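Engineer: kindly generate the corresponding structure for this input.
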Amino acid sequence: MNTITIARKELNSYFRSPIAYGVIAFFALIAGYFFYASVVFFVRRGIESTMMGQSMPMDVNEYVVRPLFSNISVIALFLIPMITMRLFAEEKRTGTIELLVTSPLSDLSIIMGKWLAALALYIVMLAVSAVSMASLFLYGSPDWRPLLAGYLGLFLMGAALLSIGTYISTLTKNQIVAGVATFAVCLMLWILNWVTEFDTSMVYRVLGYIAITSHLDSFGKGVLDLKDIVYYLSVIFIGLFLTARSLESLRWRA
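Structural biologist: Residues are numbered from 1 along each chain as shown. Here you go, the predicted model:
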């Protein structure tokens, strides 16, 4: 019950400030543009193929859905630090963190409440893009299974990055520092799989496995691989565990 109360309070604070509206508006604008560009490209390719007498099969999932999921994941990389940067940094800046950590509330309730509020805002973002995706069913027949799997992948990826951002927010009272640090860590996890292009040794394969993007591709193809799900759940656990240790340290200092 305490967790839900904190989540509601945190979610209300998002919408009392320009953060939620700015993040959702920016996401809707960029995601909408990518959706429009993908659909236009798909239609043009179809018309060109017909005019040239080619019978090339046009797969809406391949030409629209998968590219859009890939673009949405990139947009999320930039917006997630904006969502998490204030979670604990704002409490430390205003001095309310002492009241929070000395309250009867458990660390688990505080952490889960704030993380769930950030996750709820992220889900609202994904729901905005789902409106565009739903329009595909009005004019075409995309396979709904890769669509659902892709959203599951985006959800797990976002939940993992949000847990990292939640932890980093406990380390500073400056929201800008928290946002930049979160973006830097998320970007590092994003590009780690690039090293596999230069070497295939064990070390590089491990770095490739740690990369957060290497586990997102299969979801876009409609494949639910247990190792990818376990990876994201592990990152979520590690991020929230580190947040608990950091909050415990703040409680002892308070």
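Engineer: and stretch 85-95, how far out from the chain middle?
Structural biologist: Counting by C-alpha atoms, centre = their mean, to the nearest Å, stretch 85-95 is centred 21 Å from the centre of its parent chain.
Engineer: should've said stretch 237-246
Structural biologist: The answer for stretch 237-246 is 18 Å, by C-alpha atoms, centre = their mean.
Engineer: repeat that for stretch 59-71.
Structural biologist: 18 Å.
Engineer: what about the helices in the stretch 101-250 of the chain?
Structural biologist: Secondary structure of the stretch 101-250 of the chain (DSSP state H, counting those that start in this stretch): helices at 107-139, 144-169, 175-191, 202-210, 217-220, 226-253.
Engineer: and the first one, what does it pack against?
Structural biologist: If you count contacts as 3 or more C-beta pairs under 8 Å, 6 or more residues apart in numbering; DSSP states H and E, helix 107-139 packs onto helix 2-15, helix 18-51, helix 66-84, helix 97-101, helix 144-169, helix 226-253. Placement of C-beta: from N, CA and C, glycine included.
Engineer: quick one: distance of it to the chain centre.
Structural biologist: Per C-alpha atoms, centre = their mean, the centroid offset for helix 107-139 relative to its chain is 9 Å.
Engineer: for it, which positions count as buried?
Structural biologist: By neighbour count on 16 or more other C-beta atoms under 10 Å, the buried set for helix 107-139 is 107, 109-119, 121-122, 124-126, 128-129, 132-133, 136.
Engineer: now the second one
Structural biologist: Buried residues in helix 144-169, counting neighbours by 16+ other C-beta under 10 Å, are found at 146-147, 149-151, 153-169.
Engineer: before we move on, what about the last one?
Structural biologist: Neighbour-count burial for helix 226-253, counted by 16+ other C-beta under 10 Å, picks out 228-229, 231-232, 235-236, 239-240, 242-244, 246-247, 250-251.
Engineer: quick check: the farthest pair among those?
Structural biologist: The most widely separated members of those, counting by C-beta to C-beta, are Asp228 and Arg251 (35.0 Å).
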